[in-house]
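Chemist: Here is a sequence with its predicted model. Questions after.
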There are 2 protein chains.
Amino acid sequence: MAKKPSIPKGTRDFSPSEIAKRNHIFKTIKRQFELFGFQPIETPSFENSETLLGKYGDEGDRLIFKILNSGDFISKVDDVTYSSKNSTSIAPKITEKALRYDLTVPFARYVVMHQNEIDFPFKRYQIQPVWRADRPQKGRFREFYQCDADIVGANSLLQEVELVQLYDGVFTELGLDGTMIKINNRKVLSGIAEVIGAQHLLIDFTVALDKLDKIGEDKVKEEMLNKGISEAAIKKATPLFSISGSAKEQLELLKVLLSDSEIGLNGINELGEIINTINAIGLKSASLQLDVTLARGLNYYTGAIFEVAPPDGVQMGSIGGGGRYDDLTGIFGLKDVSGVGISFGLDRIYLVLEELGLFPKAIDQSLQVLCLNFGEKEGLVALKLISELRQYGLKTDLYPSNAKVQKQFKYADKRNVPYVILIGEKELAANQFIVKNMRTGQQQSYSLTDSKAFVDSLQP
Amino acid sequence: MAKKPSIPKGTRDFSPSEIAKRNHIFKTIKRQFELFGFQPIETPSFENSETLLGKYGDEGDRLIFKILNSGDFISKVDDVTYSSKNSTSIAPKITEKALRYDLTVPFARYVVMHQNEIDFPFKRYQIQPVWRADRPQKGRFREFYQCDADIVGANSLLQEVELVQLYDGVFTELGLDGTMIKINNRKVLSGIAEVIGAQHLLIDFTVALDKLDKIGEDKVKEEMLNKGISEAAIKKATPLFSISGSAKEQLELLKVLLSDSEIGLNGINELGEIINTINAIGLKSASLQLDVTLARGLNYYTGAIFEVAPPDGVQMGSIGGGGRYDDLTGIFGLKDVSGVGISFGLDRIYLVLEELGLFPKAIDQSLQVLCLNFGEKEGLVALKLISELRQYGLKTDLYPSNAKVQKQFKYADKRNVPYVILIGEKELAANQFIVKNMRTGQQQSYSLTDSKAFVDSLQP
């Protein structure tokens, strides 16, 4: 029993100051989501297994946490399966529920189940934890929050424009200037695949192309060859190796390269419209950049693809991503509902803000006023004063015991309290309280019948 | 695949308007927690099984959701256990983690693990979901939120006083006037057990006594006899059957009844001190009432016991409860750390506020301004205006497509939007936008270069 307690690997306890910082990010994201007209929903932490399994590929299925059935779960396993001693066959017989793996599949399930109550187009946001039985490593956890905003039931490219503005809005409000919102389009990637005549090798192609900056053109080509992409195809795609310049210039180059691909040209038009509109409206602190190597979740997205990189100089992967998926709810039987959405990487944003010192200074100021405790009679008067100060919105507390004054001051120091109130015998007699400013050391007396005078003195 | 999707029994989806209402309660509770100097922590959704098992009794162990080990879990089961086909023996071999069952045990674990970083006394609050494999029924769910505030490392009764004030503060801010905070003390219950000479029957005794209002004195006595409490004991305890009046009068009666019980008198003194202090400070909207039948979580609490009943006339069980437990962290090897805490029953508070119509009126106003969409050129201008309005803090959106005006107005109606903005060809030419007040039907024009004029018109 008295064994030293621990928590499961890949999980975390959050201390008050960590929560203050996380909430700062959550609040900012929520505020912007709501300014943009998104509405919150929440779904259960666990879903029926059949809702989740088969939606994330074999690897995903393996990483889904399954919940053991309650009661005599073994009795539900038939003898043949039981004697196989095969974990893969037995698991579905002894589990019916599984922990949420992402927010997108539960959202699709929600839309289908509640389609008659929803006013489409439906702009929903969802901020909840998800769980994955991944091997824990630096920055990768088994329990972590996802923050998603999606729009379903609207096909217009204005949605994509809005989502770029939303990224810009959130990161600007967080003080994180200079983020780069990378955009691509699945149709452009399909066009490239057509042109190189290697549909099934598209992922290999983009994964290799994405390494251009890191390993150089020769190594990229070598990797492509190794993956089975023909020399002819690589030659055809050569212009992509030197694609650069403004989005407009890149789109011009792509138009030439993809001139024979209808879908490719389609994607180029979409990109052009989104980029032109954003250029006309302007962004506050982010920049929008075309990146033809961007191919996240390729099998999933059907139109725009987004990814956000932190400001230059910060060593960190993407802090957000998303895109358009044309058949979100088809897996649950509701056809032709287009969706487009983005997500924010809370843990990485946290690390970036921490690294750049962008959290507000007083963010973990959990106590503004501490009343020292000089005993029963004084304490009772202090409690009344404290009630008043809380009424005025000040986070105020009484030291819980009549301990040595030094100890009480030390506690005030540790909690980083800016104001300490003293009501001793003398003050009680004079119907006063003393406020000590812990930064300046200055003391000031106030009448116990006019606590507002102290509150007013705090106003800037 | 296209099977109609569902969610596990005992779980819930929350719609935007439900979330708005739940958040109203969460925000109020959090605000008060923070005014009282409590700090938030969060713990992982699942703990190591050994952290949770054995802490809630056999029934609790049965109700804890266990997470199936990943990978080839069967290979970890020894042959003898496997061939037993006994679920109870096999479960611990194939599960290592379990979902949080309450917030108190994880908190105790947290305090022990982080004891060197914590500044005691530690006032923590925690608002997170918990999971129980209970049979779902009206108002009882398998996933629900707990909202707990606890103080550890402080023995003074001022903590109890504060917690009563905290209940009063939260329910007053929620507009829920007339709640009754019931208080008792475990020591008084121990004293009663001593006096009736039936320590081991104390739970049976209080459970029966608690039914006094419902089933009457005779039936209560009958139940006590059935449970094995002697006639002599019942006779000795007879004064308890007619205990009533003010707290002071009840305490006087208890003093006589428990005059031979040191622990009983101790409890009476504690109750007296808390009640007197509260009487001296005053409560805003709640009343504090002594209830000697109050015995929740008897094996757990060691001092004060709290429970909050909703205002008279509302048919609902307790909406909060708590108490003092003298050895919170002993189960994890840290001795002599006293704790006292209370919790708020979110789901029941929600139902009570709903029943009494106490949620703020505009609580699910998720969109304040909708710009109608009249096509590409107009849309671009609308997007700029929308950016400005969001900058001013207005939840604003553009209808996502150039649909029929009627359809767009219908959407505005459904979303309950108070202001609709129209920028058609004519307005564009005049560099204006029209605002239609959806309540009054009135229209007003503003210059596109002065959107602030519209924002200012909304100020009360």
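Modeler: Now that the structure is in, tell me what you want to look at.
Chemist: Of all residues in the stretch 151-300 of chain A, which one is closest to chain B?
Modeler: Minimum separation of the stretch 151-300 of chain A from chain B (Cβ to the nearest Cβ) falls at residue A:154, amounting to 3.8 Å. Where you see a C-beta, it was placed from the backbone N, CA and C, and this is true even at glycine.
Chemist: Give the helix, strand or coil label for the residue lying closest to residue A:291 once chain neighbours are set aside.
Modeler: Once flanking residues are discounted, residue A:291 sits nearest to residue A:182: 4.1 Å by Cβ to Cβ, 6 or more residues apart in numbering or on different chains. In three-state terms, and counting by DSSP: H, G, I helix; E, B strand; the rest coil, residue A:182 is strand.
Chemist: residues touching residue A:182, list them.
Modeler: By Cβ atoms under 8 Å, 6 or more residues apart in numbering or on different chains, the residues touching residue A:182 are A:289-291, A:294, A:306-309.
Chemist: circling back to that earlier point, who's in contact with the residue of the stretch 151-300 of chain A closest to chain B?
Modeler: Applying Cβ under 8 Å, 6+ apart, the residues near residue A:154 are A:120-121, A:338, A:340, B:400-401.
Chemist: can you tell me which of these are in strands?
Modeler: Of the contacts of residue A:154, the ones assigned to strands by DSSP state E are residue A:340.
Chemist: are any of the contacts of residue A:154 buried, and which?
Modeler: A:121, A:338, A:340, B:400-401 (16 or more other Cβ atoms under 10 Å in any protein chain shown).
Chemist: and which of those residues is nearest residue B:48?
Modeler: residue A:340 (40.4 Å; Cβ to Cβ).
Chemist: distance of that closest one from chain B?
Modeler: From residue A:340 across to chain B, the span is 10 Å (Cβ to the nearest Cβ, to the nearest Å).
Chemist: same thing with residue A:360?
Modeler: From residue A:360 to chain B the distance is 16 Å (Cβ to the nearest Cβ).
Chemist: quick one, what contacts the nearest residue to that residue once chain neighbours are set aside?
Modeler: Spatial nearest neighbour of residue A:360, chain neighbours left out: residue A:24 (6.7 Å); criterion: Cβ to Cβ, 6+ apart. By Cβ under 8 Å, 6+ apart, the contact set of residue A:24 is A:359-360, A:363.
Chemist: element containing residue A:24?
Modeler: helix A:16-35 (DSSP states H and E).
Chemist: Okay, buried residues for the helix or strand of chain A with the lowest mean pLDDT please.
Modeler: Using mean pLDDT, DSSP states H and E, helix A:202-209 stands out as the lowest-scoring helix or strand of chain A, at a mean of 83. Within helix A:202-209, the residues that count as buried by 16+ other Cβ under 10 Å are A:202, A:204-209.
Chemist: name the helices or strands packed onto the helix or strand following that helix?
Modeler: Using DSSP H and E, the helix or strand that directly follows helix A:202-209 along the chain is helix A:212-226. Applying 3 or more Cβ pairs under 8 Å, 6 or more residues apart in numbering or on different chains; DSSP states H and E, one finds that helix A:212-226 contacts helix A:202-209, helix A:231-236.
Chemist: swap the cut-off to 7 Å and go again
Modeler: helix A:202-209 (3 or more Cβ pairs under 7 Å, 6 or more residues apart in numbering or on different chains; DSSP states H and E).
Chemist: The helix it packs on - contacts with which helices or strands?
Modeler: helix A:186-196, helix A:212-226.
Chemist: what's next to the shortest one, contact-wise?
Modeler: Contacts made with helix A:186-196 from outside it, assessed by Cβ atoms under 7 Å, 6 or more residues apart in numbering or on different chains, are listed as A:199, A:202, A:205-206, A:229, A:233, A:236-237, A:254, A:257-258, A:260-261, A:263-264, A:266-268, A:270-271, A:292, A:295, A:301-303, A:305.
Chemist: out of those residues, which are buried?
Modeler: By 16+ other Cβ under 10 Å, the contacts of helix A:186-196 give A:202, A:205-206, A:229, A:233, A:236-237, A:254, A:257-258, A:261, A:263-264, A:266-268, A:270-271, A:292, A:295, A:301-303, A:305 as buried.
Chemist: what about residue A:228, neighbour count?
Modeler: Counted by other Cβ atoms under 10 Å in any protein chain shown, the residues lying close to residue A:228 total 11.
Chemist: pLDDT score assigned to it?
Modeler: Per-residue confidence at residue A:228 stands at 89 (pLDDT).
Chemist: for residue A:83, same thing?
Modeler: At residue A:83, pLDDT is 94.
Chemist: Equivalent analysis for residue A:2, please.
Modeler: pLDDT at residue A:2 comes out at 53.
Chemist: Which strand or helix spans residue A:123?
Modeler: Using DSSP H and E, residue A:123 sits within strand A:122-131.
Chemist: oh sorry, the question was meant for residue A:60
Modeler: Here residue A:60 is assigned to helix A:57-63, by DSSP H and E.
Chemist: For my notes, confirm residue A:311 occurs in a helix.
Modeler: No - counting by three-state DSSP, residue A:311 is not part of a helix but coil.
Chemist: Please enumerate the strands of the stretch 351-460 of chain A.
Modeler: A:369-371, A:396-398, A:419-422, A:432-437, A:443-447 (DSSP state E, counting those that start in this stretch).
Chemist: and residue B:420, which of these is closest to it?
Modeler: Comparing those by Cβ to Cβ, strand A:396-398 comes nearest, at 45.1 Å.
Chemist: List the neighbouring strands of the strand holding residue A:123 plus their orientation.
Modeler: Strand pairing for strand A:122-131, determined by DSSP bridges: strand A:39-40 (parallel), strand A:143-152 (antiparallel).
Chemist: Give me whichever of the ones you listed is most buried.
Modeler: Mean neighbours per residue, mean count of other Cβ atoms under 10 Å in any protein chain shown, is largest over those for strand A:39-40, with a mean of 23.
Chemist: Give me the contacts around that one.
Modeler: Residues contacting strand A:39-40 (Cβ under 7 Å, 6+ apart): A:123-126, B:16, B:19, B:366.
Chemist: let's see 6 Å
Modeler: If you take Cβ atoms under 6 Å, 6 or more residues apart in numbering or on different chains as the criterion, strand A:39-40 is touched by A:124-125, B:16, B:19, B:366.
Chemist: Compare the residues you listed and tell me which has the most neighbours.
Modeler: Highest count within these by other Cβ under 10 Å belongs to residue A:125, 25 neighbours.
Chemist: Surely that residue touches residue A:147?
Modeler: No - with contact defined as Cβ atoms under 6 Å, residue A:125 does not count as touching residue A:147 (7.5 Å).
Chemist: Report whether residue A:37 is found in a strand, as I expect.
Modeler: No - with three-state DSSP as the criterion, residue A:37 is assigned coil and is not in a strand.
Chemist: what about it, how many neighbours?
Modeler: Counted with other Cβ under 10 Å, residue A:37 comes out at 23.
Chemist: Kindly state the pLDDT recorded for it?
Modeler: 95.
Chemist: re the thing from before, which SS state does the residue of the stretch 151-300 of chain A closest to chain B fall under?
Modeler: Going by three-state DSSP: residue A:154 is coil.
Chemist: Phi and psi next, for it.
Modeler: phi -140, psi 130 (degrees, to the nearest 10).
Chemist: same check, this time on residue A:321
Modeler: Torsion angles, degrees, to the nearest 10, at residue A:321: phi -170, psi 170.
Chemist: what's near enough to touch it?
Modeler: Counted by Cβ under 6 Å, 6+ apart, residue A:321 has contacts A:296, A:306-307.
Chemist: By neighbours, which of those wins?
Modeler: Within the contacts of residue A:321, residue A:306 tops the neighbour count with 27 neighbours, counted by other Cβ under 10 Å.
Chemist: Not counting sequence-adjacent ones, nearest residue to that residue?
Modeler: Per Cβ to Cβ, 6+ apart, closest to residue A:306 is residue A:322, 4.7 Å.
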